[in-house]
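Colleague: Need coordinates for the following:
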Amino acid sequence: MTEIKELGARLTVVQSIYYQSPGLDANQRETKYSVEIDQDEQPYYRQLILKSSNSEPTSIETGWVEDVGTLLIENLEGKFTQVQPTEDEREDVKGRIIELQMGDCTLLIRPGDCQRLTVKDQESLRAISLRRSSGSPIKYSITVYSR
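Modeller: You can find the predicted model right below:
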C-alpha cells in the first residue's frame, strides 16, 4: 500500500507589470513563484490607519503569527466612493504615500500599490517600520504569512 503524503500550506505569487510609452505597444513582465509554508497557521490580515507623524515610525503588527515569513503591505488609498473625484481629491490621494523603512533604506508604497517582503528572521522584522509622507492619515492593510 502506498502512503499518500498530505500537502502542506503553499504561498503562490503572480505579478504582472506593464509599461507603455506613448504610441508604442506595452512591454509586459510577469513573475511567478510558489513556496511551501512549514506551518498550517492561518494568515493574519488587518485593515489599519497609519496616523503617526512623519517623524514617528509605526512598527509592523503581526498578530498571532509567531514565525513570520512574508509580509504584504497594501496602500488602500485611491479607492473613491464617487464616480468622478474632484481634482483636489485626486491631488490629496496622490500624496498619501507610505514610507516603508528598513534601516537606512526607504521604499515607497503609492496609493493602490503594495510591497511584498520575505523576512530573514524576527530581528529583521523588528527593523521594519512605516511612516506616512503626507499630513493625512493613510488607510492600509497588512497580511502576514508564516514561514
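Colleague: Report the helix or strand with the lowest average pLDDT across this structure.
Modeller: When the helices and strands of the chain are compared on mean pLDDT, DSSP states H and E, helix 87-94 comes out lowest with a mean of 86.
Colleague: Can you list the buried residues in that helix?
Modeller: Within helix 87-94, the residues scored as buried using 16 or more other Cβ atoms under 10 Å are 92-93. In short, each C-beta sits where N, CA and C put it, glycine included.
Colleague: any idea which helix or strand comes after that helix?
Modeller: Secondary structure here is assigned by DSSP states H and E; on that basis, the next helix or strand after helix 87-94 toward the C-terminus is strand 98-102.
Colleague: Pull up the pairing partners for that following strand, direction included.
Modeller: Strand 98-102 has these partner strands in its sheet, going by DSSP bridges: strand 105-109 (antiparallel), strand 128-132 (antiparallel).
Colleague: Mean pLDDT for those strands - can I get that in TSV?
Modeller: Putting those into TSV (pLDDT from 0 to 100) gives the following:
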stretch	mean pLDDT
strand 105-109	96
strand 128-132	93
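Colleague: any idea which of those is most buried?
Modeller: With neighbours taken as mean count of other Cβ atoms under 10 Å, these reach their highest mean count in strand 128-132, at a mean of 19.
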